[in-house]
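In: Build me a model from this:
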Amino acid sequence: MSLINHPKESRNLISRTGLATIIGLLLFSVSVKSHAQYDRHEVIKKEGTRQVHLDFHTSEAIEGIGDNFFKKQFQEALLTGHVNSINIFAKGHHGWTYYPSKVGEKHPHLNIDLLGAQIEACHEIGVTAQAYVTVGWSAKDAREHPEWILWKNKNEAPLTIEMRKEEAPDAPFGWGWDLLSPEGAYKQHILDLTEELCLNYDLDGFWYDIVPVWDINYNPMAVADMRGKGIDVENLQQVRAYHSAKMNQFMSEIRSLIEKHKPNATLFFNWSTHTYTMETYEYQFFDHNTKNDLEDLPTTWEGYDKFPLRAKYFSNIGKPVVAMSGKFHKSWGEFGGFKSKEAIWYEAAAMVSFGAAANFGDQLHPSGEMEMATYRNIGYAFEKVELIESYGVGASHKSSLGLWLSNSIEQNSGASKMLLEEQVNFVIANNLEDWSDLKTIIIPGGCQFSTQEKDKLDNFLAGGGKMILMHKAGFDPENGNFVFDLGATYTGDATADIDYTLVSEALLENLYDAPFLNYSAAVKVNPDPGTEVLAAIREPYFNRTLSHYSSHRNTPFQLTDADHPAVIRKENIAYIASDLAEMYNTNGARVHRELFSNVLHLMQPEPMLQVDLPSSGRVNLLFQPNKKRYVAHLLYGSPIQRGDTRVIEDLPLIFDTKVVLNVPEEIKSVRLIPDGINLEFTNTEEGIVAIVPKFQCHAAVVYEY
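Out: Residues are numbered from 1 along each chain as shown. You can find the predicted model right below:
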């Protein structure tokens, strides 16, 4: 498994080119299930809430595969780990199957039907079993069928493992495999393998890995197919549309085959949920999933704040969410790597807090024997998760604050980090159908809007909603101005290399009455008469060059304000001219977060949830209307950066945390879980106020009405 990045292309790409209809005629039509056809509670209840993803990528150079597999030992590990669902391997990255196969080829040193034995062991103790099938990485298939290998460049064949091996057979081998594209004969191979599994095994689900939804294939077979269908290979928009339809067709055929034989099975295609921009939503590769697994390794990928944002995004899709991390210190496939039990507890609690089922990756030794130390660690966390999962998994996210996502991961991440570190609860506005709870929407730089989106935001403003826009959010380059009335006119992009912000008294809380540095300069706007200027810009004396420089890093600020301001407000819109979200994501300066927080306080005077925690605390509000309750989840864990890895090991006690809930329902009781104690609460103008006397790692405040 791996994290991939995809090209940042314009939204509504296919609709603008008119290619969706063309491609739909060229390829078979893709039937997509509507979101409403899935009940997230039932899917998760059926599959399991405490999961393990059991990697088993085993080389043909190792003998004795599965020789030490014993059903009782396997079951003991799962019971010790409090596991109720597991992804087990039908076929791994080396290309071998772990069962007798007529479609593929069983591992040459495996003497048992390991897949069948594991399924039997799971079902005896009430654990569901999903079959893992690799798609994009399969060394045996790449070796035997190089014509199936994906080319990322149409003019140059990739340097394959076999080529590299011929040049330097003893060179170290790191991460990454030859990437295969599921089309033509290889697609049929995966379909035949799937049908074989459906017919021969009592499986509860299917998990397909490395589906190259964002990697366009330019190998000779694919290029010939494109040209045969009239696709201009030089036109990226046409090629992207062709590729997207082809990947959707592959997933649709897999789904139809599974539904034919296993109508109750769960289904997930990995890489369909790796990105979390609105481009992901445009292409909707995740529509073929019955649930959305969010693969993440906070230790060495994008940190502990990546998952909350993705969970909020994918919770709006209407399908259950499974959060995936690993038991490893660093990354997937690490034999002998251990994450502390405290870290697993924190991550598992965070998964439930953001409405997701918990899944931790392990890797089975080639011998087939389960590592009991791993399951004692997982069990330590999952035993605690059992006490709280009914208060989180599958619940709806609830907030009066919405974050509008762009196609920039950096912008989205920066805005989300500022909110999370300020313990500001929020939902994702773009793909949320019901905006009735929203009072304020934050729009980071880089966002542009379709006509329908603009109309929806205009109606939101007309109904009394408030917006905070940053940098060039909503800027229309054709008209040379913003699509919303900010109370100012665009006069130009920045000409300074950096600049400084000087706030007024209205934004002074936790800030300084002196100019503070911005690592990128603000957009220039000219305020209209009557527009309130909340912060000024101070420009440097000059840009730092070889001809003009002063001191070591940046030129000092001028002593007078620039003509263009830093922050303005007109009626229901506040505008921050700096690229605050991306700046915070890159530089992490507290002054920028405090500026953002102060503007937010002006524009969101009565939030739905307020929690008093330090910046390493995290909060989330979930809603369970069928149980007539709100649940405010509180987390505290402080990751330490050691080398290239983030580590959680200290979970201090947190005392006297004030929690304020502002909802329309009449709250009848407030209690703390998992402790089960009733909390005293008072009704104030802010809302229902309660104090959590102490907690470690996680606590949840349950409000019943």
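
In: can we go C-alpha only for contacts and neighbour counts from here?
Out: OK.

In: Under the pLDDT cut-off, which ranges of the protein? List them.
Out: For the chain, applying pLDDT under 70 flags the ranges 1-45, 276, 278-282.

In: how is it carved up into domains?
Out: 26-396, 399-603, 609-704 (automatic domain parsing).

In: Report the distance from the second one to the chain centre.
Out: Using C-alpha atoms, centre = their mean, to the nearest Å, we find the averaged C-alpha position of domain 399-603 to lie 24 Å away from the chain's own average C-alpha position.

In: circling back to that earlier point, just put the domains of the chain in JSON lines and tack on mean neighbour count.
Out: Formatted as JSON lines, the entries for the domains of the chain read as follows, by neighbours: other C-alpha atoms under 10 Å:
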{"stretch": "domain 26-396", "mean neighbour count": "20"}
{"stretch": "domain 399-603", "mean neighbour count": "19"}
{"stretch": "domain 609-704", "mean neighbour count": "18"}
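
In: tell me the contacts of the nearest residue to residue 308 once chain neighbours are set aside?
Out: Computed as C-alpha to C-alpha, 6 or more residues apart in numbering, the closest residue to residue 308 that is not its neighbour in sequence is residue 354, at 6.5 Å. Contact analysis of residue 354 by C-alpha atoms under 8 Å, 6 or more residues apart in numbering lists 308, 311-312, 392-393, 397, 620, 622.

In: And for residue 232?
Out: By C-alpha under 8 Å, 6+ apart, the neighbours of residue 232 are 226, 238-239.

In: What backbone torsions are found at it?
Out: Note on residue 232: its backbone torsions stand at phi -80, psi 110 [degrees, to the nearest 10].

In: Centroid-nearest residue for the chain?
Out: Centrality entry for the chain: nearest residue to the mean C-alpha point is residue 310, 3.0 Å, by C-alpha atoms, centre = their mean.

In: tell me which element it falls in.
Out: Element membership of residue 310 [criterion: DSSP states H and E] is helix 306-315.

In: repeat for residue 143
Out: For residue 143, the host element (DSSP H and E) is helix 139-144.

In: Need the CA coordinates for the helix or strand just after that helix. CSV is fine.
Out: Following the chain from helix 139-144 toward its C-terminal end, the next helix or strand by DSSP H and E is helix 161-167. The C-alpha atoms that make up helix 161-167 are tabulated as CSV, following Å, rounded to 0.1, in the frame of the first residue of the first chain:
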residue,chain,number,x,y,z
ILE,A,161,12.6,-4.5,-11.5
GLU,A,162,13.8,-7.1,-14.1
MET,A,163,15.8,-4.4,-15.9
ARG,A,164,17.3,-3.1,-12.7
LYS,A,165,18.1,-6.7,-11.6
GLU,A,166,20.0,-7.4,-14.8
GLU,A,167,22.1,-4.3,-14.3
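
In: what packs against helix 161-167?
Out: On a contact count with 3 or more C-alpha pairs under 8 Å, 6 or more residues apart in numbering; DSSP states H and E, helix 161-167 meets no helix or strand.

In: and the helix or strand hosting residue 325, how far from the chain's centre?
Out: Residue 325 belongs to strand 321-326 when assigned by DSSP H and E. Going by C-alpha atoms, centre = their mean, the spacing between the C-alpha centre of strand 321-326 and its chain's C-alpha centre is 10 Å.

In: Off-centre distance for the following helix or strand past it?
Out: Following strand 321-326 in sequence order, the next helix or strand is helix 341-353 (DSSP H and E). Averaging C-alpha coordinates over helix 341-353 and over its chain gives two centres that are 16 Å apart (C-alpha atoms, centre = their mean).

In: One more: stretch 155-163?
Out: Between the mean C-alpha point of stretch 155-163 and the mean C-alpha point of its chain there is a distance of 31 Å (C-alpha atoms, centre = their mean).

In: Spit out the contact partners of residue 142.
Out: 148-149, 178, 180.

In: circling back to that earlier point, of the contacts of residue 232, which is the nearest to residue 474?
Out: Taking C-alpha to C-alpha as the measure, residue 474 sits nearest to residue 238 out of those, at 26.4 Å.

In: tell me what the helix or strand hosting the closest one is packed against?
Out: Using DSSP H and E, residue 238 maps to helix 236-261. The contact analysis (3+ C-alpha pairs under 8 Å, 6+ apart) places helix 236-261 against helix 13-17, helix 19-26, helix 184-200.

In: would you list every one of the strands in the stretch 401-550 of the chain?
Out: When secondary structure is read from DSSP state E, counting those that start in this stretch, the stretch 401-550 of the chain shows strands at 401-403, 427-428, 440-443, 466-470, 475-476, 481-482, 488-492, 499-503, 516-518, 524-527, 532-538.

In: Nearest to residue 207, out of those strands?
Out: strand 427-428 (26.8 Å).

In: Show residues contacting the closest one.
Out: 312-313, 316, 397-405.

In: mind putting the contacts of residue 232 in CSV, distance to residue 517 included?
Out: Compiled in CSV, these are given as follows (distance: C-alpha to C-alpha, whole Å):
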residue, distance to residue 517
226, 51
238, 43
239, 43
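
In: related to what we said a few turns ago, ok, the contacts of residue 354 vs residue 261, which is closest?
Out: Among these, and counting by C-alpha to C-alpha, the member closest to residue 261 is residue 393, at 28.4 Å.

In: Please look at the closest one and residue 350 and confirm they touch.
Out: No: the pair residue 393 / residue 350 is not scored as a contact, 10.8 Å apart, by C-alpha atoms under 8 Å.

In: Any figure for the gap between residue 623 and residue 390?
Out: Residue 623 sits 12 Å away from residue 390, going by C-alpha to C-alpha, to the nearest Å.

In: ignore the last one, residue 221
Out: 50 Å.

In: Tell me where the stretch 1-150 of the chain has helices.
Out: Taking DSSP state H, counting those that start in this stretch as the test, the helices found in the stretch 1-150 of the chain are 13-17, 19-26, 40-47, 71-80, 114-124, 139-144.
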